[in-house]
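[1] next come a sequence and a model predicted from it.
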Amino acid sequence: MLRYILKRLLIMIATLWIIITVTFVLMISIPGSPFNSEGSSNATVQANLEKHYHLDEPYYIQYLLYLKSIVTLELGPSIKQPDQTVNDLLGRGFPISFELGILTIAVAVISGITLGIFAALRHNGVIDYVAMGLAVLGISVPNFILATLLIQKVAVDWDLLPVATWSSPAHMILPILALATGPMAIIARLTRSTMLEVLTQDYIKMARAKGLSPWKIIIKHALRNALMPIVTIMGTLLAGILTGTFVIEKIFAIPGMGKYFVESINQRDYPVIMGTTVFYSAFLIFMLFLVDIAYGILDPRIKVHKRGGE
Amino acid sequence: MKTAEEMNSTHSPTEIPDEWFTNKIKDTDTAESVSRPSLSYWQDAWRRLVKNKMAMLGLVFLILLAIMATIGPIVSPYAVNVQNLPEQYQSPSIEHWFGTDNAGRDVFTRTWYGARISLFVGLVAALIDVTIGIIWGGISGYKGGRTDTVMMRVIEILYGIPSLLVTILLLVVLGPSLLTIIIALTITGWVGMARIVRGQVMQIKNYEYVLASKSFGAKDSRIIRKNLLPNTMGPIIVQMTLSVPTAIFAEAFLSFIGLGIQAPFASWGVMANDALGAITSGYWWTLFFPAFFISFTMFAFNVLGDGLQDALDPKLRK
């Protein structure tokens, strides 16, 4: 186990290093970048950049200093807002985005698994068709379109919930719904297919023969095994939810990290783009690492400590 | 049927007539015959795909979409990108079937033009993914050993990179255009395909028929071309039908955050983004048509992919 964790850790660091290096190379190669001394017209900004990136030094020194600044979590100043640093923006935006993300995951996992179980238990019944129809719809409709439709119908036409921002639980319902539908659909489909497979296994028949109650069989015996594939795709789902927050925060005017990120892209605020990308990547890679470890611990069939094990 | 006594009464035991004998079919004859018509793998897969109604619905929709994407902009009397402000926001009518948008452009024309862009981006990105994925995964799985370890490490490192973030970064630097979007989408997109091909190749290369081929002196290139690739085609095709909608979604997403295809091109994502301001004013058609076609195309590829997965799975052959 320790060996496996160590290996994953090394791969994680290599991935991060590649991302950091790629961002650096891309940024020195464009005009108007923070690494280009003619990039800015504002004197304050120029001074900030000079100080942070040591623009008078050769590139390899800049690169090393850039690496150091990332390791020490000093992500540099913003070009467009002279008195702001990337750290300020992240500090303000991250808690909100994190809240949105966590709530979305909770909603998606709980409702997806419930839907999947009922669909599997009523295989080829009405519930199955309705649930799977919903799931296909959820996978097909992009979240930004769903968000727009929700605002139009629920918030504007019916006036049930507030249109935008992130100030009360009522404000959170629509963004979470828009963001969670896609992952929920994927989880529901996966739960259904693995549940159908698991329910035909001999040990389920055995549990039935022993006279266990149906719900005990489903929760304790079937679901536990059906959950493994969901843990496997959790990494991909997390990445999807994370990028989904960009558009959802933009549409609902939620002052999270995603909104700042999209704004910085539109204004070509390079230090903010760089800092946020590196931060997002590090966060996501760390989450993938946790998912991997969780998978190793949860599934007794996988002996992660075995050498060369797949 | 006569009883034994009747037989004995009419005939003596020595003269048994020929018609009493029935020919017993030899076991060896039936052993060779086939209980179902002989179909090739692809014929059988096609037969099963046709039976899957949802998959056929998806396929028919995609074919119609491809036809309209080709001829739609040609038969329409309106240009894709010519602004006509007096005709701004007209609801669907005989002249403008899908209405007009904020700049008075015909939504019908732009929808089919967007279909061209979206399908083009999706298909080209998927093709590049497949090509790189097959080469990388094929070599890695077939060679095995140290080569495989090194190639897999590269994949593992790239797999952790959040692809959409890298795509955004590349587009910010290179500037959004059709070419850069495709490059950005494929730069990490091939990794999933390579993993699938590798897994398949590793499994198949140990089968007897590959060993037989090898013992007849077949070269590596021949074994890869003749034995391994045809037998990995199923999962590759399925993965492809799923990576096309991913690319289409990514393109729409990028257009939506302002990094998409720029004028004079129009993609569905660009149209949806343009329509955002108009939707609350009641101009529903500006958003409805691009949104409907993005969603239905994703749906069509997904159900087609599901259908192909069942049709191409040799284990489900009846």
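    Received it, and whenever you're ready, just let me know what you need.

[2] tell me which parts of the stretch 1-150 of chain A are close to chain B?
    Applying C-beta under 8 Å from any C-beta of the partner chain, we find that the stretch 1-150 of chain A lies next to chain B at A:11-12, A:14-15, A:18-19, A:22-23, A:26-27, A:29-30, A:136-137, A:139-142, A:144-145, A:148-149. Just so you know, the C-beta spots here come from the backbone N, C-alpha and C atoms, and that holds for glycine as well.

[3] repeat that for 10 Å
    Counting by C-beta under 10 Å from any C-beta of the partner chain, the positions of the stretch 1-150 of chain A adjacent to chain B are A:7-8, A:10-19, A:22-23, A:25-27, A:29-30, A:33, A:136-137, A:139-149.

[4] so where's the stretch 1-150 of chain B uncertain?
    B:1-14, B:24-39, B:80, B:84-85, B:87-90, B:96, B:102-104 (pLDDT under 70).

[5] return the nearest residue of it with respect to chain A.
    In the stretch 1-150 of chain B, no residue comes nearer to chain A than B:Met54, which is 8.5 Å away by C-beta to the nearest C-beta.

[6] residues near residue 229, how many?
    Just so you know, I chose chain A. 15 (other C-beta atoms under 10 Å in any protein chain shown).

[7] actually, chain B is the one I wanted.
    For B:Leu229, using other C-beta under 10 Å, the count is 17.

[8] contacting residues for it?
    Residues near B:Leu229 by C-beta atoms under 10 Å, 6 or more residues apart in numbering or on different chains: B:Ile134, B:Gly138, B:Val197, B:Gln200, B:Val201, B:Ile204, B:Ile223, B:Ile236.

[9] element containing the residue of the stretch 1-150 of chain B closest to chain A?
    helix B:53-75 (DSSP states H and E).

[10] got the angle for whichever helix or strand comes after that helix vs helix B:53-75?
    Note on helix B:53-75: by DSSP H and E, the next helix or strand toward the C-terminus is helix B:107-143. Interaxial angle of helix B:107-143 relative to helix B:53-75 (axes from the mean of the first three to the mean of the last three C-alpha atoms, to 10 degrees): 130 degrees.

[11] buried residues of helix B:107-143, list them for me.
    B:107-119, B:121-126, B:128-130, B:132-134, B:136-142 (16 or more other C-beta atoms under 10 Å in any protein chain shown).

[12] so after that helix, what's the next helix or strand?
    Helix B:107-143 is succeeded, C-terminally, by helix B:145-159 (DSSP H and E).

[13] so where do the helices sit in the stretch 51-200 of chain A?
    A:59-71, A:86-121, A:126-140, A:143-150, A:169-199 (DSSP state H, counting those that start in this stretch).

[14] do the same with the stretch 201-318 of chain B
    B:208-215, B:220-222, B:229-256, B:268-279, B:284-312.

[15] which one of those helices has the lowest average pLDDT?
    Per-stretch mean pLDDT for the helices of the stretch 201-318 of chain B is lowest at helix B:268-279 (a mean of 76).

[16] that helix packs against which elements?
    Applying 3 or more C-beta pairs under 10 Å, 6 or more residues apart in numbering or on different chains; DSSP states H and E, one finds that helix B:268-279 makes contact with helix A:143-150, helix A:228-251, helix B:107-143, helix B:229-256, helix B:284-312.

[17] point out the residues in the stretch 201-318 of chain B that sit beside chain A.
    Residues of the stretch 201-318 of chain B lying near chain A (C-beta under 10 Å from any C-beta): B:202, B:245, B:248-250, B:252-253, B:255-259, B:268-269, B:272-273, B:275-276, B:279-280, B:282, B:284, B:287-288, B:290-292, B:294-303, B:306.

[18] re the thing from before, dump the helices and strands packed on helix B:268-279 to a markdown table, plus distance to A:Lys259.
    Below are the helices and strands packed on helix B:268-279 laid out as a markdown table (distance: least, C-beta to C-beta, whole Å):
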| stretch | distance to A:Lys259 |
| --- | --- |
| helix A:143-150 | 13 |
| helix A:228-251 | 4 |
| helix B:107-143 | 26 |
| helix B:229-256 | 14 |
| helix B:284-312 | 21 |
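
[19] A:Ile110 and chain B: what is the separation?
    24 Å (C-beta to the nearest C-beta, to the nearest Å).

[20] contacting residues around that residue?
    A:Ile110 touches A:Ala180, A:Met184, A:Ile187, counting by C-beta under 10 Å, 6+ apart.

[21] state the helix or strand in which the closest residue to A:Arg92 other than its chain neighbours lies.
    Nearest non-adjacent residue to A:Arg92, counting by C-beta to C-beta, 6 or more residues apart in numbering or on different chains: A:Pro255, 7.1 Å away. Counting by DSSP H and E, no helix or strand carries A:Pro255.

[22] contacting residues for A:Pro255?
    Taking C-beta under 10 Å, 6+ apart, one finds A:Arg92, A:Gly93, A:Ile96, A:Ser97, A:Thr165, A:Trp166, A:Glu249 in contact with A:Pro255.

[23] check what pLDDT the spatially closest residue to the third one that is not a sequence neighbour gets.
    It refers to A:Ile96. Of all residues not flanking A:Ile96 in the chain, A:Gly256 sits nearest, at 4.1 Å (C-beta to C-beta, 6+ apart). Here, the pLDDT recorded for A:Gly256 equals 84.

[24] can you name the residues that contact A:Gly256?
    Neighbours of A:Gly256 in contact, by C-beta under 10 Å, 6+ apart: A:92-101, A:166, A:175, A:245-246, A:248-250.

[25] go on, A:Leu150?
    A:Val156, A:Leu161, A:Val163, A:Ile173, A:Leu174, A:Pro175, A:Leu177, A:Ala178, A:Thr181, A:Ile251, A:Phe252.

[26] cool, and B:Phe256?
    Counting by C-beta under 10 Å, 6+ apart, B:Phe256 has contacts A:142-145, A:246-247, A:250-251, A:262, B:268-270, B:272-273, B:276.

[27] and which of these is nearest A:Arg3?
    Nearest to A:Arg3, judged by C-beta to C-beta, of these is A:Phe246 at 37.1 Å.

[28] which other helices and strands contact the helix holding B:Met54?
    When contacts are defined as 3+ C-beta pairs under 10 Å, 6+ apart, helix B:53-75 sits against helix B:41-51, helix B:107-143, helix B:229-256, helix B:284-312.

[29] quick check: angle from it to helix B:284-312?
    130 degrees.

[30] quick one: name the residues of the stretch 51-200 of chain B near chain A.
    B:54, B:149, B:153-154, B:156-175, B:187, B:192, B:199.

[31] can I get the buried part of those residues as one PyMOL selection?
    Provided next is the PyMOL selection string for whichever of these are buried by 16+ other C-beta under 10 Å:
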select buried, chain B and resi 156+157+158+159+160+161+162+163+164+165+166+167+168+169+170+171+172+173+174+187+192
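
[32] hmm, back to that, now do the buried residues in the helix holding B:Met54.
    For helix B:53-75, by 16+ other C-beta under 10 Å, it's B:Ala55, B:Gly58, B:Leu59, B:Phe61, B:Leu62, B:Leu65, B:Met68, B:Ala69, B:Gly72, B:Pro73.

[33] switch those over to a markdown table; also include distance to A:Gly296.
    What follows is the buried residues of helix B:53-75, written out as a markdown table (distance: C-beta to C-beta, whole Å):
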| residue | distance to A:Gly296 |
| --- | --- |
| B:Ala55 | 37 |
| B:Gly58 | 37 |
| B:Leu59 | 41 |
| B:Phe61 | 42 |
| B:Leu62 | 40 |
| B:Leu65 | 44 |
| B:Met68 | 49 |
| B:Ala69 | 46 |
| B:Gly72 | 52 |
| B:Pro73 | 53 |
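
[34] good, we can wrap up now.
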